[in-house]
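A.B. asks: Predicted model, plus sequence, below.
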Amino acid sequence: MMTENTDEERLRLLEAYAENAYSEMYDAGNPSGAMACYSEAKEALYTAIGLAKELGKLDEAERLSARLAHIKAVYRSQFT
């Protein structure tokens, strides 16, 4: 029997997914592949930030927002 993830688990999974996509961005091999990974990382983090805010975890939302800003800066400086 499958169990649903709690909101806390979902938050961790979204962050892990974003970090994985960010790592894959470096191995993409071409600009469109890197852009796809970047988009996946951003989307997962936007969702995680929203969920953290919904749960009242404002420090977590702030930390995730800072991570998103870092990933955006890296993408812009290295892949565009």
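C.D. replies: Sure thing, it's come through.
A.B. asks: Can you pull out the low-pLDDT segments for the protein?
C.D. replies: 1-4 (pLDDT under 70).
A.B. asks: would you list every one of the strands in it?
C.D. replies: In order along the chain, the chain carries no strands (DSSP state E).
A.B. asks: Not counting residues beside it along the chain, what's closest to Glu54?
C.D. replies: Once flanking residues are discounted, Glu54 sits nearest to Asp7: 7.9 Å by Cβ to Cβ, 6 or more residues apart in numbering. To be clear about C-beta, it is placed using only N, CA and C from the backbone, and glycine gets the same treatment.
A.B. asks: longest helix anywhere in this structure?
C.D. replies: Using DSSP state H, we find that the single longest helix of the chain is helix 31-54.
A.B. asks: now what about it, what contacts it?
C.D. replies: 7, 10-11, 14-15, 17-19, 21-22, 24-26, 28, 58, 60-61, 64-65, 67-68, 71-72, 75, 79 (Cβ atoms under 8 Å, 6 or more residues apart in numbering).
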